[in-house]
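Participant: coords below, sequence missing:
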């Protein structure tokens, strides 16, 4: 089909669509500047300063020990992007920024920048042409290969981000019964800890690398559940999981691997569960079209750039893998308003 | 003002606004992946391949000599971002991509990636926190310091992008009279050449570094105006401009410098013009609020990261500088649909 035909096909009713525009192209070619600027604003703690009532360029520059030229450009750009308001030369917080970007807010997520835009992650995108050509990450030492220290950073910085998904996941396994729960690749431990907080009879076993488990243990202590919190240090594929679990939580873990590896691991989880025990995987799981919803679907780029065989598997694919490993029924539960989905499988 | 007060102030009518969300934060922290992916799609010439009728992952992977894993992720991501359509597993061009990203289209702008996301530009953003602190670029050798070879790349790759602005600018100086035109920092030469194409009596003098002028000369030849096209090689601040010009075009040049430097240069232009001659500066000139329109206003980040004293000056500021250099009246002309603005000053 020629370009002209395609144009015609896409614009069936002349006058209804705007004329073709390169705007989205230019916006996207500059999109990296958005990330760089928001990272700088977080690192300079600009939103906390505005939240404290500093509203002008000189005030904010003084507070951040920064140049007025730089602060003016950065604040204006944050206003253009919708992270600040600007009225008569004075900046203010938007509703979203007040809740999520002001360090004094309990829902602050700014710490996530430490992992999300660490060189370890962003370097994987520095030559995506080469990645697409080979189908493999640029680095031969992927995040998933060993007890990478990045996962300690991840555990610390991403905890606030995943709190809401953990809360929604807990609702799926809520019970007053005494249960034994395994939290696989616990990281910050948020998923298991949230279950323990709601159910005083729940006992949690947290599995992760030893270095990462120090973070989970710290959060368990702070959350007052450490007396029911046991550590299982090691590699999830190699360590003995034990048996008799009522629930195995597998949050944000399966996506790192290829299907054969995942199915092998799911069989291992199956063996660790009691009869009628449940696995709860938490994932970015797009629809079958693989392009919706956008945030879950876009996760595929992280898996392409950073893992040799990972993927943003669809919810249907996770259900297939679970069934193949001996789980039935397998159900799908969007963890709204987060972009994640829980896939629950019952041990046959 | 406290966070709670601000939240209240921003949400006066409960139920009307959506609840606070961190979505924009996460979208922005991932925005760099959009740039990396679109750059890869351009480099792999994905849009041209889809335009030729290749619509499936295996077809496109074969054509690009790339992995199916990589092509599938990249095409899905392009569909998520709106650069491709996807219907029943088959990709197609959007109306915009067919016109601007298919190499066979005369309006192709994909070559702009060569300059826009060259390390020379993007490296300036790799530590924006440091840039904001100091108010100076990370590199001590800014683009504006000497005859940087990047400007040859710029001239070649940005010509298609600036064609529309050049066409709109030409309308502002259209005449049937014999005129002498100086094109300052001509680059690709598009602005002067467009004037010469419309007015067979126009004579153009193109000023730029010698290496860049080879590009302008090539385009002038291709456009059939080389017999009225003279080269003035050198540094715009140091070279003698000559006298008796009816029009001096200054496209995308002034923004690189501080106000004192700009005003000094404007006086030099003033001296080169005939009585009642006109200067036409083409610029990203935001409104007085400095945050609208968004594309022109966001240009400030490029100037902060890449120049020691440049800015996205407002149209009012350019008018002030022109008046201070002896021009009056000074008028402002948005070059729609481009994001640029012409500021025209008449020699008093």
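Facilitator: Yep, it's here. None of these values were measured; they are calculated from a predicted model. Numbers count the residues shown, from 1 in each chain, chains lettered A, B, ... in the order given.
Participant: Chain A: strands as residue ranges?
Facilitator: A:84-87, A:90-93, A:180-184, A:203-208, A:229-233, A:245-251, A:273-283, A:327-334, A:341-347 (DSSP state E).
Participant: export those to JSON lines and tack on mean pLDDT?
Facilitator: Below are the strands of chain A laid out as JSON lines (pLDDT from 0 to 100):
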{"stretch": "strand A:84-87", "mean pLDDT": "98"}
{"stretch": "strand A:90-93", "mean pLDDT": "98"}
{"stretch": "strand A:180-184", "mean pLDDT": "98"}
{"stretch": "strand A:203-208", "mean pLDDT": "97"}
{"stretch": "strand A:229-233", "mean pLDDT": "97"}
{"stretch": "strand A:245-251", "mean pLDDT": "98"}
{"stretch": "strand A:273-283", "mean pLDDT": "97"}
{"stretch": "strand A:327-334", "mean pLDDT": "98"}
{"stretch": "strand A:341-347", "mean pLDDT": "98"}
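Participant: contacting residues for residue A:304?
Facilitator: A:131, A:132, A:135, B:69, B:70, B:73, B:74 (CB atoms under 8 Å, 6 or more residues apart in numbering or on different chains). The C-beta positions use only the backbone N, C-alpha and C, and glycine is treated the same way.
Participant: what's the pLDDT at the residue lying closest to residue A:126 once chain neighbours are set aside?
Facilitator: Leaving out its chain neighbours, the residue that sits closest to residue A:126 by CB to CB, 6 or more residues apart in numbering or on different chains is residue A:138, at 7.0 Å. Looking at residue A:138, its pLDDT stands at 93.
Participant: Could you count how many residues lie near residue A:19?
Facilitator: The tally of other residues near residue A:19 (other CB atoms under 10 Å in any protein chain shown) stands at 9.
Participant: Same check on residue A:293?
Facilitator: Residue A:293 has 15 nearby residues by other CB under 10 Å.
Participant: Which phi and psi values does it adopt?
Facilitator: With angles defined as degrees, to the nearest 10, residue A:293 sits at phi -60, psi 150.
Participant: Report the contact partners of it.
Facilitator: Taking CB under 8 Å, 6+ apart, we find residue A:293 in contact with A:286, A:287, A:339.
Participant: what does the stretch 201-348 of chain A have sitting close to chain B?
Facilitator: A:289-292, A:294-295, A:297-298, A:300-305, A:337 (CB under 8 Å from any CB of the partner chain).
Participant: Any chance of TSV for the strands of chain A, columns mean neighbour count?
Facilitator: Formatted as TSV, the strands of chain A follow (neighbours: other CB atoms under 10 Å in any protein chain shown):
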stretch	mean neighbour count
strand A:84-87	18
strand A:90-93	21
strand A:180-184	25
strand A:203-208	26
strand A:229-233	18
strand A:245-251	24
strand A:273-283	20
strand A:327-334	16
strand A:341-347	23
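Participant: Leaving out chain neighbours, which residue sits closest to residue A:251?
Facilitator: Setting aside the residues directly before and after it, residue A:251 is nearest to residue A:282 in space (CB to CB, 6+ apart), at 4.0 Å.
Participant: same check, this time on residue A:224
Facilitator: Distance criterion CB to CB, 6+ apart; nearest residue to residue A:224, sequence neighbours excluded, is residue A:197 at 7.7 Å.
Participant: and that neighbour, what does it touch?
Facilitator: Taking CB under 8 Å, 6+ apart, we find residue A:197 in contact with A:223, A:224, A:225.
Participant: Got a quick PyMOL command for the buried subset of those residues?
Facilitator: Restricted to buried positions by 16 or more other CB atoms under 10 Å in any protein chain shown, the PyMOL selection for these reads:
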select buried, chain A and resi 225
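Participant: Chain B: which of the contacts of residue A:197 is nearest?
Facilitator: Lowest distance from chain B to these (CB to the nearest CB) belongs to residue A:223, with 21.5 Å.
Participant: so which of the strands of chain A comes closest to residue B:29?
Facilitator: strand A:84-87 (16.6 Å; CB to CB).
Participant: what's next to the closest one, contact-wise?
Facilitator: By CB under 8 Å, 6+ apart, the surrounding residues in contact with strand A:84-87 are A:47, A:50, A:75-76, A:78-79, A:91-94, A:97, B:10, B:289-291.
Participant: Given it, what are its sheet partners and their directions?
Facilitator: Taking DSSP bridges as the criterion, strand A:84-87 forms sheet pairs with strand A:90-93 (antiparallel).
Participant: how far out from the middle of the chain is the strand it pairs with?
Facilitator: The chain centre lies 29 Å from the centre of strand A:90-93; the measure is CA atoms, centre = their mean, to the nearest Å.
Participant: The residue nearest to residue A:126 against residue A:127, yeah?
Facilitator: Yes: between residue A:138 and residue A:127 there is a contact at 6.1 Å, judged by CB atoms under 8 Å.
Participant: so where is chain A shaky, pLDDT-wise?
Facilitator: By pLDDT under 70, the low-scoring segments of chain A are A:1-17, A:141-148.
Participant: please redo it, this time with the cut-off set to 90
Facilitator: A:1-21, A:106-107, A:114-115, A:118-120, A:139-164, A:337, A:348 (pLDDT under 90).
Participant: Please, where are all the helices along the stretch 51-200 of chain A?
Facilitator: For the stretch 51-200 of chain A, the helices defined by DSSP state H, counting those that start in this stretch cover A:57-64, A:68-81, A:95-100, A:113-116, A:119-122, A:128-134, A:150-172, A:190-198.
Participant: Which one, of these, ends up nearest to residue B:123?
Facilitator: Nearest to residue B:123, of all the helices of the stretch 51-200 of chain A, is helix A:119-122, at 13.1 Å by CB to CB.
Participant: So is the closest one next to chain B?
Facilitator: Yes: Helix A:119-122 is in contact with chain B by CB under 8 Å from any CB, via residue A:122.
Participant: Show me which residues of that helix are buried.
Facilitator: Those would be A:120, A:121, A:122, for helix A:119-122 by 16+ other CB under 10 Å.
Participant: Enumerate every residue touching the second one.
Facilitator: It stands for residue A:121. A:115, A:302, A:306.
Participant: Got a ChimeraX select line for the buried ones in those residues?
Facilitator: To isolate the buried ones among the contacts of residue A:121 in ChimeraX, judged by 16+ other CB under 10 Å, type:
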select /A:115,302,306
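Participant: can you redo the contacts of residue A:121 as TSV with distance to residue A:231?
Facilitator: What follows is the contacts of residue A:121, written out as TSV (distance: CB to CB, whole Å):
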residue	distance to residue A:231
A:115	22
A:302	28
A:306	27
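Participant: Closest one to chain B out of the contacts of residue A:121, please.
Facilitator: Lowest distance from chain B to the contacts of residue A:121 (CB to the nearest CB) belongs to residue A:302, with 7.8 Å.
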